[in-house]
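Peer 1: Okay, sequence plus prediction incoming.
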Amino acid sequence: MIATLSNRNKNRLPIVLEHASGDKRFKILEVHIKKHQFKQDALIEVLHKAQELFGYLEDDLLLFIAYRLKLPTSRVYGVATFYHFFTLKPKGKHTCVVCMGTACYVKGADKLLAAVEKKARIKAGETTPDGELSLLTARCIGACGIAPAVVYDGTVTPRQTPELALEHVKGWTGHGH
Amino acid sequence: MDIDDLVEIAEKERASRKKHVIRCCLAAGCMSSDSKGVKEALEKAVQEAGLDDQVEVRGVGCMKLCCQGPLVQVDTHEPGATVQVSAEGQGPLYLKVTPETAPSLVGTLKGGKTKVQRGDPKHPFFTEQLSIVLANSGIVDPERIESYIALDGYQALHDVLREMTPKEVVDTMIKSGLRGRGGAGYPTGLKWATVAKTASPQKYVICNADEGDPGAFMDRSVLESDPHSVLEGMAIAAYAVGATQGFVYVRAEYPLAISRLQAAIKQAKQRGLLGAGIFESPFNFNIDLRIGAGAFVCGEETALMASVEGKRGTPRPRPPFPAESGLWTYPTLINNVETFANVAPIIRKGTDWFTSIGTEKSKGTKVFALAGKITNTGLIEVPMGTPLRKIVETMGGGAPDGGKIKAVQTGGPSGGCIPTHALDTPVDYDSLIQLGSIMGSGGMIVMDESTQMVDVARFFMDFCMDESCGKCIPCRAGTVQMHGLLTKILARKATARDLQKLEELCDMVRNTSLCGLGQTAPNPVLSTLRFFRNEYTDLLKEDTHGGPNGNGKATKPAPAPAT
């Protein structure tokens, strides 16, 4: 993918910039970059903001950021792929994040995850083909006191069981099949 | 801002205290059980009962007993009495409060009754704790700087800036015997002294809040409950070592901690407690936040610095240590959240007081996150040297539903499993290392008989394999191989030779990896092998003389050896 990115780099950039000029989200991102005084060390902060605005980091977005921060695209791409938090693929409409921290694990988070995987017919880290549900795992969300915890659409929910989890994602998987 | 202003804010805050204070836990654990709704319901009920002038509903940080959340405590003070705020926490404690049941708690103030389950503040879980780092947690309002100042907040910073030289501050830290709470236990004073000694036009202070160990949530709780204590500690450190810029590196997984830190930094700047000319001295200090992006290796200090610089978080060889060449090659002081939170109390109460707590080589207290198969999960702070048994059985209440505790895991993926027969070990840096585990940042996961140790070892190896940054080969390739061998053992396809290979690999990865991640990755395997070896051997199959699978014939698993 690095190769694709750099090959397209030269002729792609003007198109990206033109597209960006008409998109409000790019404007907001630019303000954010300016706030950081175009500092190259603010790359991670800028990527955070970009993901917040766009939902995921597509190639054009990375090119735009590289251009604005005067960084090589390889560096931006390298950082974006290094950190788990950044995603280069669009996420589903709903997200279900199963915490797989030690406390949750010894309390059965693995069984919970398996149940949801089976129901949604996807593996952890994937999105259902209809784009409804992204099933993710977290390393530890620090909610060990209420393990096992699952984050449904950004809301941390305590003391989950496979049954409760299936109930929660019912409307999000394959139209209730 | 000078001392008079500080005293005035504190006096004003104390004077505005109402007769009843209803404290509602707003830390992440309780928030997930809708404690925000509880607080709103309480506020509404107070208003409806016309008790506005008598009752304060205060959102506070972690009240420690996370498994019973949302927690609410109601304190009542005699009007006009000059109660120290630290005397709070004596009133009735209510468990599992819901927005529906919350109004009845307000009713109790007018002689009403409530059906909400009462907790026992006299339970050993609370009484055996000794709070230094968490002293304000659950009492102070983390979103208001005045609340912290009323509890003598920023007093220590003032005393340091106006009455002590940087060298005296460093000497105080050395004398206190405080050791780094991030896990390795390096003497904090020595680290400060090294940075202070270097001559450089620019120095940095970094607070490591990249709490990556699964099963650890102490730093999150400290940041959510009492962010100013960390900021004050950082400012004192900056004065001692001569830094003017600080960074807090927080995990992106802790949105609440991030927003409270942001608010705290903003308020401290507005009050002139951060920025230029603090307390009308020539000392300038600014703090910026840096948000992590989900990489466990960034808890390692050189990787963390790379990440602060906006690069991939990969470690580099040490020396040079960050104290000599750190962020952008300038001398940098890196300490953990809990370490910084210890600083202001040490300055305020003196080294004699601090050294009287703990053991000979480990002074002070340690915060642990108690979780897993245990009745009382939550946050505890105990003096160093407290026996594990006391923590797990007396305070934690043992395994729930009559289960039997099998092991206690400390130190996360870098630590190990401590079996029940070693539970009388006092918890300090050195005794845990002797047991093949480490203190780590303070996660403590209790496992019962239903937990299979080989599975636990594989769980941690899976973690390390995934989180290895890939820079050095022993860690990148070694963790994959060890994970493969553990999987093979669990599938009952491994032989004694595989086990031997696993042990050799552990040794190799431990001794040749670049950073702490790889060097400690074999620990969970080694410690479970040491104490639960039979669980491994039970899963082995007989060694076929013709080499593994050489003849293509499947062999039956070996019968369990009689023990």
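Peer 2: Structure's in. What do you need? Residues are numbered from 1 along each chain as shown, chains lettered A, B, ... in the order given.
Peer 1: Show me where chain A has its strands.
Peer 2: Using DSSP state E, the strands of chain A run over A:94-99, A:133-138, A:150-152, A:155-157.
Peer 1: For chain B, find the nearest of the ones you listed.
Peer 2: Nearest to chain B, of all these, is strand A:155-157, at 3.7 Å by C-beta to the nearest C-beta. Placement of C-beta: from N, CA and C, glycine included.
Peer 1: So which elements touch that closest one?
Peer 2: Packing contacts for strand A:155-157, counted by 3 or more C-beta pairs under 8 Å, 6 or more residues apart in numbering or on different chains; DSSP states H and E, involve strand A:150-152.
Peer 1: quick one: strands adjacent to the strand it packs on?
Peer 2: strand A:94-99 (antiparallel), strand A:155-157 (antiparallel) (DSSP bridges).
Peer 1: Next, format those strands as CSV and append mean neighbour count and mean pLDDT.
Peer 2: Formatted as CSV, these follow (neighbours: other C-beta atoms under 10 Å in any protein chain shown; pLDDT from 0 to 100):
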stretch, mean neighbour count, mean pLDDT
strand A:94-99, 22, 93
strand A:155-157, 17, 90
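Peer 1: what separates the closest residue to residue B:103 other than its chain neighbours from chain A, distance-wise?
Peer 2: Using C-beta to C-beta, 6 or more residues apart in numbering or on different chains and skipping the chain neighbours, the partner closest in space to residue B:103 is residue B:45 (3.8 Å). Note on residue B:45: its distance to chain A, by C-beta to the nearest C-beta, to the nearest Å, is 24 Å.
Peer 1: again, but for residue B:181
Peer 2: 16 Å.
Peer 1: ok, now residue B:138?
Peer 2: Distance from residue B:138 to chain A, by C-beta to the nearest C-beta: 14 Å.
Peer 1: That residue: what's it in contact with?
Peer 2: For residue B:138, the contacting residues are B:23, B:25, B:60-64, B:73, B:89, B:225, by C-beta atoms under 8 Å, 6 or more residues apart in numbering or on different chains.
Peer 1: mind checking pLDDT for the closest residue to residue B:243 other than its chain neighbours?
Peer 2: Excluding its sequence neighbours, the residue lying closest to residue B:243 (C-beta to C-beta, 6+ apart) is residue B:203, at 4.0 Å. In this model, residue B:203 is scored at 97, pLDDT.
Peer 1: Please report how far residue B:203 lies from residue B:285.
Peer 2: Note on residue B:203: its distance to residue B:285, by C-beta to C-beta, to the nearest Å, is 11 Å.
Peer 1: Same check on residue B:2?
Peer 2: The gap separating residue B:2 from residue B:285 is 17 Å, by C-beta to C-beta.
Peer 1: helix/strand/coil for residue B:438?
Peer 2: The three-state assignment at residue B:438 reads coil, by DSSP: H, G, I helix; E, B strand; the rest coil.
Peer 1: Let me know the helix or strand that residue B:247 is in.
Peer 2: Using DSSP states H and E, residue B:247 sits within strand B:245-250.
Peer 1: Show me the shaky parts of chain A.
Peer 2: The model of chain A has pLDDT under 70 over residues A:1-10, A:174-177.
Peer 1: now do 90
Peer 2: A:1-23, A:89, A:91-92, A:101-103, A:106, A:125, A:131, A:138-147, A:154-155, A:170-177 (pLDDT under 90).
Peer 1: Which of the contacts of residue B:138 fall in helices?
Peer 2: Counting by DSSP state H, the part of those found in helices is residue B:225.
Peer 1: Go back to the contacts of residue B:138 and keep what's next to chain A.
Peer 2: For chain A, no contacts are drawn from the contacts of residue B:138 by C-beta under 8 Å from any C-beta of the partner chain.
Peer 1: Who wins on neighbours among the contacts of residue B:138?
Peer 2: Greatest neighbour count in these, by other C-beta atoms under 10 Å in any protein chain shown, goes to residue B:63: 32 neighbours.
Peer 1: Surely it is in contact with residue B:23?
Peer 2: Yes: using C-beta atoms under 8 Å, residue B:63 is in contact with residue B:23, at 7.3 Å.
Peer 1: what residues do those two have in common as contacts?
Peer 2: With C-beta under 8 Å, 6+ apart as the test, residue B:63 and residue B:23 both reach B:73, B:138.
Peer 1: joint contacts of residue B:203 and residue B:285?
Peer 2: Listed as contacting both residue B:203 and residue B:285 by C-beta under 8 Å, 6+ apart are B:243-244.
Peer 1: Give me the lowest-pLDDT entry from the contacts of residue B:138.
Peer 2: By pLDDT, residue B:89 ranks lowest within these, coming in at 62.
Peer 1: mind checking the SS state of residue B:235?
Peer 2: Three-state call for residue B:235 (three-state DSSP): helix.
Peer 1: neighbour-wise, which of residue B:2 and residue B:285 wins?
Peer 2: Under the criterion of other C-beta under 10 Å, the comparison of residue B:2 against residue B:285 puts residue B:285 first, with 24 against 12.
Peer 1: residue contacts, that one?
Peer 2: Going by C-beta under 8 Å, 6+ apart, residue B:285 touches B:234-235, B:238-239, B:243-246, B:274-275, B:278.
Peer 1: Among those, which one lies nearest to chain A?
Peer 2: So of those, ranked by how close each gets to chain A (C-beta to the nearest C-beta), first place is residue B:245, at 12.3 Å.
Peer 1: count of residues packed around the closest one?
Peer 2: By the criterion of other C-beta under 10 Å, residue B:245 has 17 neighbours.
Peer 1: List the contacts of the residue of chain A found nearest chain B.
Peer 2: For chain A and chain B, the shortest gap (C-beta to the nearest C-beta) falls at residue A:145, measuring 2.5 Å. Taking C-beta under 8 Å, 6+ apart, we find residue A:145 in contact with B:29, B:66-67, B:69, B:217, B:369-371, B:377-379.
Peer 1: Residue B:105 now?
Peer 2: B:22, B:42, B:45, B:72, B:74, B:94, B:97, B:114, B:116.
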